[in-house]
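In: test case, fold it:
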Amino acid sequence: MRGQDEFLTYIIEGKQTRFVIPVYQRNYDWKIEQCKRLFDDLESVATTGAGEHFFGSIVSKREGNSRVVIDGQQRITTVFLVLAALVARLRDEGSDVTSSEPNKADYIEGQFLIDAYHPGEQKLRLKLVKKDMAAFSAIMSGGEDPLVEGSNVTRNYRYFLRRIDGMGISADQLFDAIERLKIIDVQLEERDDAQRVFESLNSTGLDLTEADKIRNFILMDLSEGDQESYYEKYWVPVEENASGQVSDFVRYHLAAAMGKTPAMGRVYQSYVDYARKRYSLPESGRLDTKSMLDDLLLSSRRFRTASLPDTGSERLDSVLRRIGLLQMNVVLPFTLNLLSALDAGSIDADQAAECLEAVESYLFRRWSCGIPTNALNKVFETLHADAMRGVSDGASYPEAVRYSLLHKTGTGRFPSDQEFLESIATRDYYRIGNRKLYLYDRLENGGSKERVDVVGNLRDDRFSVEHIMPQTLTRSWKQTLGEDWERIHDTWKDRLANLTLTAYNSEYSNRDFRTKRDMENGFRDSAFRINRWVCEQESWGERELEERQLLLQKRFLELWPMISSDYVPHRELPDEATLADETEFTNRRIVAYSFLGDLVPVKTWKEMEVGVLRSLSELDLSRLYSISQETSYPGSAFEHDEGDWYAKVCDGIFVNTRTSTSSKVELLRRLLDIFGIDREELTIRMAPIDKLEVPED
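Out: All right, here's what the predicted structure looks like:
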């Protein structure tokens, strides 16, 4: 095996070399997202004057005049499509795309796309797998053959045609940028086992993490000296602050900055997109590396503070520790923004603590009530922005936070006292995993300065959760409970009223209540506050369980109180909901939607539906085309020919738009599920409907 860095076009041009994609490779499946990234990079290379742009590696094995591609087919195929689209536009008399060289299209085609002297019938320099090859051949036919619909090859070719039409550089600059694409050209020797190499390259064990790719993106273009300096000064502290979980940290950093949490597998690309928008220097187009790293380092310190609080405020540090014990990282985007506001002096430590105490009640009440968590990402991605809108409207930051939490609906709601108290009376509090650390720490210590180390001792199994009425009843217990012992046991066994803390669980075993109470180290000897009422009881049955439940309900309302806010907005703010929310969209006026991070203003629900469908077609045209061919729902919502009440999604796919708002929403929900896209990725922004106004579908 030998490899060297080389310009991609040098490998392709004028050598009777033909690239062959073997049949065991998957079909060409780059999406518009990857094509956009490549074309953006080419425009950047052209405008910044970069001498080269690294484009990954290509692994191949020579067989005669052909190179069998082991790895890199996606890159090679995509570059061929860019070149083919450039040739097509240069030959199109109606196009504004021109070159200073009259025969540029012929040169590109002859040098890179077609080998006119190849002995076989197939003159194309790229041989794809069967279905992809048919689509590529149609593209290269120069209009003699119709394009193959439903193919990723065709879709991406059309995308490049559109990008070339609207690009801000010349055709010559684009071709020059393509010539600057540099790869690591790895050629296997005869003795190399291509299959084993292929399996190794496609194994998951050596994949770079999202953080690895981000680090390389930031540092790669620096000089060797700057790389070492920035790595030690910035990246090493970031890793330490994130406790090695840098990918997770950057994910929450982006959520705080953009109001949108990227999927774990898209953290790197989301960061690249964010960095190019935020840190590009206008004079050169290059990125401000120092500013990027300054912001990451500062944010990582706040990330560390969220898990290891050291703000200097006992009140704030205490609530940060408690929220950490709840194990709900979904709150981190808001926490990072809150600590940023604290650092900036916009709020003080008590105000920050006040906000987090409201968040704590919100989180615990929801968990206790068993409310699904699918709405929480959006809540905490946008809570800071909601609060800042309230501040600009005259509210204090904590008042605006509480107002926002109180006005969530559906699965995002703040549970009422009644709902909260019912959950205490009915749910299983024994099988709650590590949240027992949080629950029993709060019940035992509350806000007392004289604290028992409940968390540490539960973790080390020195303390445990004890069933006062045991899980397995003895004859003595059955007699004590009476004839209805079975119902009482089934009803109350794992409810909170029957649970407590002890350091002597194994010694208590299934003993009767009075023995547990009076024995050495029994309930009467217990130092736990939570056992004071228990040790005063003469027996343990349904009456005592009901009384203790009432006491615990009162305690819960003290520890996790209902919040309130005096803030009343002076202007009506738009409502937002995702397709994951249980929101009623009918009779609501849509003003915008956000899909996969892109905010799009619209006036009608029809515009939103068609816009999202077009985005789905760009993400995976083949899948949408396949769905549209099915006769059952959701395929029945589509046609392949234009007709009344059908709007064009893309070539060959039209959607029926003469449907209700709820039908449009349901169609998109179904399609997002099929595409494997979280319903939270589609956010709808709505405004109140005037009584005289009828919303348009």
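In: tell me the contacts of G51?
Out: R180 (C-beta atoms under 8 Å, 6 or more residues apart in numbering). Just so you know, the C-beta spots here come from the backbone N, C-alpha and C atoms, and that holds for glycine as well.
In: so it versus D176, what's the distance?
Out: Distance, G51 to D176, using C-beta to C-beta, to the nearest Å: 11 Å.
In: what about D41, which helix or strand?
Out: In this assignment (DSSP states H and E), D41 forms part of helix 32-48.
In: oh, that last question was meant for A84, not what I typed.
Out: Here A84 is covered by helix 73-91, with elements defined by DSSP H and E.
In: give me the contact list for stretch 341-350.
Out: Residues outside stretch 341-350 that contact it (C-beta under 8 Å, 6+ apart) are 298, 302, 311-313, 315-316, 338, 352, 355, 384, 397-398.
In: in it, what counts as buried?
Out: Under the neighbour-count criterion of 16 or more other C-beta atoms under 10 Å, stretch 341-350 has 341-342, 347 buried.
In: let me know the outermost residue of this protein.
Out: For the chain, the largest distance from the centre (C-alpha atoms, centre = their mean) belongs to Q479, which lies 55.6 Å off.
In: check for me that it belongs to a helix.
Out: Yes: counting by DSSP: H, G, I helix; E, B strand; the rest coil, Q479 is found in a helix.
In: state the distance from it to W485.
Out: Counting by C-beta to C-beta - Q479 and W485 are separated by 8 Å.
In: can you check Y397 too?
Out: For Y397, the distance to W485 - C-beta to C-beta - is 54 Å.
In: and the two? Which one has more around it.
Out: Y397 (21 against 17; other C-beta atoms under 10 Å).
In: ok, the nearest residue to R276 once chain neighbours are set aside - how many residues close by?
Out: With C-beta to C-beta, 6 or more residues apart in numbering as the criterion, R276 has its nearest non-adjacent residue at 7.0 Å, and that residue is L287. L287: 19 surrounding residues under other C-beta under 10 Å.
In: same deal with R431?
Out: Using other C-beta under 10 Å, R431 has 8 other residues around it.
In: and the gap between it and R158?
Out: Separation of R431 from R158 (C-beta to C-beta): 54 Å.
In: now swap in E576 and tell me
Out: Distance check for E576 against R158: by C-beta to C-beta, it reads 33 Å.
In: one step back: does the residue nearest to R276 have beta-bridge partners, and which?
Out: In this entry, L287 is beta-bridged to S280, by DSSP bridges.
In: Y274 is in contact with that one, correct?
Out: No: the pair L287 / Y274 is not scored as a contact, 11.1 Å apart, by C-beta atoms under 8 Å.
In: one step back: now, of the contacts of stretch 341-350, which are buried?
Out: Those of those that meet the buried threshold are 298, 302, 311, 313, 315-316, 338, 352, 355, 384, 397-398, by 16+ other C-beta under 10 Å.
In: which of the residues you listed lies closest to T474?
Out: The nearest member of those to T474, counting by C-beta to C-beta, is R315 at 47.0 Å.
In: what helix or strand is that closest one on?
Out: helix 314-325.
In: what about L616, neighbour count?
Out: Neighbourhood size, L616 [other C-beta under 10 Å]: 24.
In: L672 versus the closest residue to it other than its chain neighbours, what's the distance?
Out: The shortest distance from L616 to any residue other than its chain neighbours is 5.5 Å, reached at L624 (C-beta to C-beta, 6+ apart). The gap separating L624 from L672 is 12 Å, by C-beta to C-beta.
In: going by distance to N498, which of the buried ones among the contacts of stretch 341-350 wins?
Out: Nearest to N498 out of the buried ones among the contacts of stretch 341-350 is R315 (C-beta to C-beta; 33.3 Å).
In: for the closest one, give its distance to T578.
Out: Using C-beta to C-beta, R315 is found at 33 Å from T578.
In: in the sheet, who's paired with K648?
Out: For K648, the beta-bridge partners under DSSP bridges are F654.
In: and it, how many neighbours does it have?
Out: A count of neighbours around K648, defined by other C-beta under 10 Å, yields 13.
In: residues contacting it?
Out: Residues near K648 by C-beta under 8 Å, 6+ apart: 610, 642, 654.
In: didn't the last one look like it was pressed against E642?
Out: I take that to be F654. Yes: between F654 and E642 there is a contact at 5.7 Å, judged by C-beta under 8 Å.
In: the residue nearest to Q629 when sequence neighbours are not counted: how many residues sit nearby?
Out: With C-beta to C-beta, 6+ apart as the criterion, Q629 has its nearest non-adjacent residue at 6.4 Å, and that residue is G635. When neighbours are counted by other C-beta under 10 Å, G635 registers 13.
In: can you give me phi and psi for G635?
Out: phi -60, psi -30 (degrees, to the nearest 10).
In: quick one: contacts for the residue nearest to L616?
Out: When contacts are counted by C-beta under 8 Å, 6+ apart, L624 touches 613, 616-617, 649-650, 653, 671.
In: neighbours of R589, just the number please.
Out: Neighbours of R589 under the rule other C-beta under 10 Å: 18.
In: I'd assumed F334 was in contact with L383.
Out: Yes: look at L383 against F334 with C-beta under 8 Å: they come within range, at 4.6 Å.
In: for Q73, see how far away A85 is.
Out: Going from A85 to Q73 by C-beta to C-beta gives 18 Å.
In: strands of the stretch 551-697 of the chain, residue ranges please.
Out: 575-578, 589-595, 598-601, 638-639, 646-650, 653-656, 682-687 (DSSP state E, counting those that start in this stretch).
In: want to throw those into TSV with mean pLDDT and distance to G447?
Out: TSV is the format used below for these (pLDDT from 0 to 100; distance: least, C-beta to C-beta, whole Å):
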stretch	mean pLDDT	distance to G447
strand 575-578	79	35
strand 589-595	91	40
strand 598-601	83	42
strand 638-639	94	59
strand 646-650	93	58
strand 653-656	94	57
strand 682-687	87	38
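In: in a markdown table, list the ones you listed along with distance to R555.
Out: Below are the strands of the stretch 551-697 of the chain laid out as a markdown table (distance: least, C-beta to C-beta, whole Å):
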| stretch | distance to R555 |
| --- | --- |
| strand 575-578 | 35 |
| strand 589-595 | 42 |
| strand 598-601 | 45 |
| strand 638-639 | 57 |
| strand 646-650 | 57 |
| strand 653-656 | 55 |
| strand 682-687 | 38 |
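In: wait, which of the ones you listed is closest to R89?
Out: strand 646-650 (19.9 Å).
In: CA atoms of the closest one as PDB?
Out: Provided in PDB are the C-alpha atoms of strand 646-650 (Å, rounded to 0.1, in the frame of the first residue of the first chain):
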ATOM      1  CA  TYR A 646     -51.600  19.900  -6.600                       C
ATOM      2  CA  ALA A 647     -48.500  21.900  -5.900                       C
ATOM      3  CA  LYS A 648     -45.100  21.000  -7.400                       C
ATOM      4  CA  VAL A 649     -42.600  19.700  -4.900                       C
ATOM      5  CA  CYS A 650     -39.900  18.800  -7.500                       C
END
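In: what mean pLDDT does the longest helix seen in the chain get?
Out: The longest helix of the chain (DSSP state H) is helix 349-369. For helix 349-369, mean pLDDT is 97.
In: and that helix, how far out from the chain's middle?
Out: The chain centroid and the centroid of helix 349-369 are separated by 23 Å under C-alpha atoms, centre = their mean, to the nearest Å.
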